[in-house]
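Asks: Sequence and predicted structure, then a few things I'm wondering about:
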Amino acid sequence: MTVIPRKLAFASALALAAGIGSAQAAQTDITVALQLEPPHLDPTSAAAGAIDSVLYSNVFEGLTRFMADGSVVPGLAKEWDISEDGLTYTFHLHEDVAFHDGTEMDAEDVKFSLDRARAEDSVNAQKALFTGIADVEVVDPLTVRVTLSEPDGSFLFNMAWGDAVIVAPESIEGIKNNPVGTGAFKFADWVQGDKIDLVRNEDYWGDAPALEEATFKFISDPTAAFAAVMAEDVDAFVGFPAPENLPQFDADPRFTVLRGSSEGETILSINNKLQPLDDLKVRKAIAHAINREAIIDGAMFGLGTPIGTHFAPHHPDYVDLTHLSQYDPELSKELLAEAGYPDGFKTTLKLPPPSYARRGGEIVAAQLRAIGIETEISNLEWAQWLEQVFRGKDFGLTIISHTEPFDIGIYARPDYYFQYDNPEFREVMDTLQRTTDPEARSELLAQAQTIIAEDYVNGYLFQLAFPTVANAKIEGLWENAPTQATDLTGVRWTD
Amino acid sequence: MIRYVLKRTLSLVISLAVASVVIFLVIEVAPGDPAAFMLGLNAQPDTVAALRTELGLDMSNPERYLAWVGGMLTGDFGTSYTYRTPVGEMIADRLWVSLPLALYALALSTLIAFPAGIYAAARRGKPGDMAVMGATQLGVAVPNFWFAMMLVLILSINLRWFSAGGFPGWEVGIFPAMKALTLPAIALALPQAAILARVMRSSLIDILGEDFMRTARAKGLTRRQALWRHGVRNALIPVLTIMGLQFSFLLAGGIIIEQVFFLPGLGRLIFQAISARDLIVVESVVMLLVFSVVLVNFLVDLTYAAVDPRLRNRT
């Protein structure tokens, strides 16, 4: 199907006629579509990634921040000193940073934000990031000292999360509908159910962004998403929901397609406490029964990187362990027989709404049937899934993408829904927590990845892709999603 | 007449009271905790408990029912769990999209259905009738979201006459706003028009066979005069009933169409609220829809009485 970009042809004809040619000023507004709308606009009191997708780095900033490649760099803190024992972090803040309401950002605001997140009645969805903090002390208006109860090698990483952004006591009351941050863009308007408008913060302390106005539009239906991009109603769709349509955009010169990677390890979670899944041989049999390529092709139209453990493949410390769970149905049958289930068994497979789970689930069920394991599939809504599977632990198998960055620590929580309980693994994670030396950390992380892969805790399927479709004249959008963010500070139109 | 109105009013109040209990029970019984939903996979149990307290979810069910109904009676629909804005305001905002859309669709469907139904009835059994009936058969069978997708494919993606969806808001002016609602309204109206045209036709055919029609002709009216003066007016009663039902359907049934055209209407609100377990929003919106259905039926009943004097004296 060829579509003539009429508007474009007309515009360039006009430009030519007027003799403006290439001197035409670049566009400074952008409409970005996202699939999910934020429930409210406070990144420090909800897990919804959609909040960060709109506000992270654009409106709110933390002491440190993630870059597009996942590295952690200084944010509102321009530098810091770490004490010998690794317990005290002294942050030196940037000067002349103001919140969008004009109030100054200083050490008091940092203390307020961190204390609020770790308080008894805190409703921070990632409260665990802050529990290691023993004390936050204001040294002077631009210096703040954070004392930890024990050394934490990932403290600076933790402070880069959207849940750790700096907020002000003056504006916290209304944050859910009127977010006031320090970022390069100010919140302007929210038409609920439709869009959020941001405008450039002319008093920004850092480099001024090229864009003057940005609109986030929320389009949840995949067919509508396709139509909106095709009709050029939106300039970019970040996290495009219909992988099957990407080849069509590839073929159309109006668009660029970015096939990035997200932090989502998509796994076949196994209830490690439920018979017969508590048997290592049974779990190993399941792991070998899975043909990852077939699932990636069938459920994701080829988008996704196979993983062999619970770690993002683009992370420098990733170890490729897919060989531990090669597709080998014969081996699976042998293992099942050894475990005492030569004729297989029956279990449940509970699937949440995303298409990776629903489509992937059908394929996994067929692959398990081939080695004699019958699954009873039930499709659940998110709220039901959280209730039954996540909280109630009433499941055999489920498919879910764990989208938090660097979340291998969940395997050290025996009460976590898949109920993996291994003191050896916990030991490694404890040591990691106390280690700050990068090389030693790499080693420990490799060890941790290997332990869970060899214990076949879960079936490791693939890293969830993060496709973005954008107008070919836009540059600077993040390809990967090291955290859920649509950082517009470096985005510009090329002509 | 007064007795008739009083009786209708009483039944309206009873219907609403019963509906409120049923809605509350059904929605509260559904599994899923809004606090757990909002805090996601990494939240600690004490955080979830803190949020439950903040949202007032730790009150007992009867307490929450009374708080909800009591609030509604004083015009306070409560505060959304997720959006943290008053539900009343949210509904009002969304109605500015859904209500005009429903009215627009109803107007379109009436404009298509009346002429089509009358034409078909007047030419009963002839090729014109067959063509209209064939088209309405198709209209009844094909779901509205398919029409919607076809309209987008042809008029938005290929011809670029319309946006693929979205709503610019009324502040940009009546014309652009109505334009944005045009494709959704057509998609909603076509299946409704098909049903309405069929009802119009069969009702009119029944009327045409009545004695008073023959009398009208005998008095010297032409076929056309008799049809318009006595036929259509009498055929309207069943048609009005269907239109009343359809209006409620259009208001609530825009859910899918609002998804396809990403319109910030009531349907989309309820869809999001259900998946986020924003119970208070779901309860209030459903209650509002029930209210509108009951109210429309009430008005239709009153209209009957106005159109048909026999009903006024019946008790």
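Replies: That came in fine, so what should we check first? Numbers count the residues shown, from 1 in each chain, chains lettered A, B, ... in the order given.
Asks: how about low-confidence regions in the stretch 151-300 of chain B?
Replies: For the stretch 151-300 of chain B, residues meeting the criterion pLDDT under 70 lie at B:252-253.
Asks: now the helices for it?
Replies: Using DSSP state H, counting those that start in this stretch, the helices of the stretch 151-300 of chain B run over B:174-208, B:211-218, B:223-226, B:233-252, B:255-260, B:266-275, B:279-307.
Asks: Turn the ones you listed into a markdown table, including mean neighbour count and distance to A:Gln447.
Replies: All C-beta spots, glycine's among them, are computed from the backbone N, C-alpha and C. What follows is the helices of the stretch 151-300 of chain B, written out as a markdown table (neighbours: other Cβ atoms under 10 Å in any protein chain shown; distance: least, Cβ to Cβ, whole Å):
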| stretch | mean neighbour count | distance to A:Gln447 |
| --- | --- | --- |
| helix B:174-208 | 21 | 57 |
| helix B:211-218 | 13 | 92 |
| helix B:223-226 | 14 | 92 |
| helix B:233-252 | 19 | 56 |
| helix B:255-260 | 23 | 47 |
| helix B:266-275 | 23 | 40 |
| helix B:279-307 | 19 | 45 |
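Asks: Those residues of the stretch 351-495 of chain A touching chain B, which are they?
Replies: Neighbours of chain B within the stretch 351-495 of chain A, by Cβ under 8 Å from any Cβ of the partner chain: A:353, A:381-384, A:386-388, A:390-391, A:402, A:404, A:407, A:410.
Asks: Next step: the residues you listed restricted to strands.
Replies: A:His402 (DSSP state E).
Asks: Next, the buried residues of stretch A:443-455.
Replies: In terms of neighbour count (16 or more other Cβ atoms under 10 Å in any protein chain shown), stretch A:443-455 has its buried residues at A:Glu443, A:Leu444, A:Leu445, A:Ala446, A:Gln447, A:Ala448, A:Gln449, A:Thr450, A:Ile451, A:Ile452, A:Ala453, A:Asp455.
Asks: picking up where we left off before, what's the PyMOL line that selects buried ones from the residues of the stretch 351-495 of chain A next to chain B?
Replies: To isolate the buried members of those in PyMOL, using 16+ other Cβ under 10 Å:
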select buried, chain A and resi 381+382+383+384+386+387+388+390+402+404+407+410
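Asks: from the residues of the stretch 351-495 of chain A next to chain B, which is closest to chain B?
Replies: Ranked by distance to chain B (Cβ to the nearest Cβ), those are led by A:Ala383 at 2.8 Å.
Asks: so that closest one makes contact with B:Asp278?
Replies: No - in this structure, A:Ala383 is not within contact of B:Asp278 by Cβ atoms under 8 Å, at 10.0 Å.
Asks: Confirm that A:Phe237 sits in a helix.
Replies: No - assessed by DSSP: H, G, I helix; E, B strand; the rest coil, A:Phe237 does not belong to a helix; its assignment is strand.
Asks: Check the secondary structure at the residue nearest to it when sequence neighbours are not counted for me.
Replies: In this structure, A:Phe237 finds its nearest non-sequential neighbour in A:Ala33, 4.4 Å apart by Cβ to Cβ, 6 or more residues apart in numbering or on different chains. Of the three states, A:Ala33 takes strand according to three-state DSSP.
Asks: How much space separates A:Ala33 from A:Val234?
Replies: Distance from A:Ala33 to A:Val234, counting by Cβ to Cβ, to the nearest Å: 4 Å.
Asks: One more: B:His230?
Replies: Distance check for B:His230 against A:Val234: by Cβ to Cβ, it reads 55 Å.
Asks: Can you pick out the residue with more neighbours from the two?
Replies: Each of B:His230 and A:Val234 had its neighbours counted (other Cβ atoms under 10 Å in any protein chain shown), and the higher figure belongs to A:Val234 (25 against 19).
Asks: Surely the more buried one touches A:Lys217?
Replies: Yes - between A:Val234 and A:Lys217 a contact is recorded at 5.8 Å, counting by Cβ under 8 Å.
Asks: Tell me if A:His92 really is in a strand.
Replies: Yes - assessed by three-state DSSP, A:His92 belongs to a strand.
Asks: That one: how many residues sit nearby?
Replies: 17.
Asks: so it touches A:Leu63, yeah?
Replies: No - using Cβ under 8 Å as the test, A:His92 is too far from A:Leu63 to be in contact (10.2 Å).
Asks: Now the common contact residues for these two.
Replies: A:Ala77, A:Trp80 (Cβ atoms under 8 Å, 6 or more residues apart in numbering or on different chains).
Asks: Pipe the buried residues of stretch A:443-455 into TSV and attach secondary structure and distance to A:Ala228 per row.
Replies: Compiled in TSV, the buried residues of stretch A:443-455 are given as follows (DSSP: H, G, I helix; E, B strand; the rest coil; distance: Cβ to Cβ, whole Å):
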residue	secondary structure	distance to A:Ala228
A:Glu443	helix	47
A:Leu444	helix	46
A:Leu445	helix	41
A:Ala446	helix	43
A:Gln447	helix	46
A:Ala448	helix	42
A:Gln449	helix	40
A:Thr450	helix	44
A:Ile451	helix	45
A:Ile452	helix	40
A:Ala453	helix	41
A:Asp455	coil	45
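Asks: which one of those residues is nearest B:Phe291?
Replies: Nearest to B:Phe291 among the buried residues of stretch A:443-455: A:Ile452, at 54.1 Å, using Cβ to Cβ.
Asks: circling back: so how far is A:Pro243 from the residue nearest to A:Phe237?
Replies: 16 Å.
Asks: For A:Ile371, find the nearest of the helices of the stretch 151-300 of chain B.
Replies: The closest of the helices of the stretch 151-300 of chain B to A:Ile371 is helix B:266-275. By Cβ to Cβ, the value is 34.8 Å.
Asks: tilt between that closest one and helix B:233-252?
Replies: In terms of direction (axes from the mean of the first three to the mean of the last three Cα atoms, to 10 degrees), helix B:266-275 departs from helix B:233-252 by 40 degrees.
Asks: what's the angle from helix B:266-275 to helix B:279-307?
Replies: Put simply, helix B:266-275 runs at 140 degrees to helix B:279-307, going by the same axes, to 10 degrees.
Asks: Helix B:266-275 near chain A anywhere?
Replies: Yes - remark: helix B:266-275 sits within contact range of chain A at B:Arg268, B:Leu269, B:Gln272, B:Ser275, by Cβ under 8 Å from any Cβ.
Asks: My understanding was that the residue nearest to A:Phe237 contacts A:Ala225; is that so?
Replies: Yes - under the criterion of Cβ under 8 Å, A:Ala33 makes contact with A:Ala225 at 6.7 Å.
Asks: which residues does the closest residue to B:Gly244 other than its chain neighbours contact?
Replies: Leaving out its chain neighbours, the residue that sits closest to B:Gly244 by Cβ to Cβ, 6+ apart is B:Val300, at 4.0 Å. B:Val300 sits next to B:Leu240, B:Thr241, B:Gly244 when contact means Cβ under 8 Å, 6+ apart.
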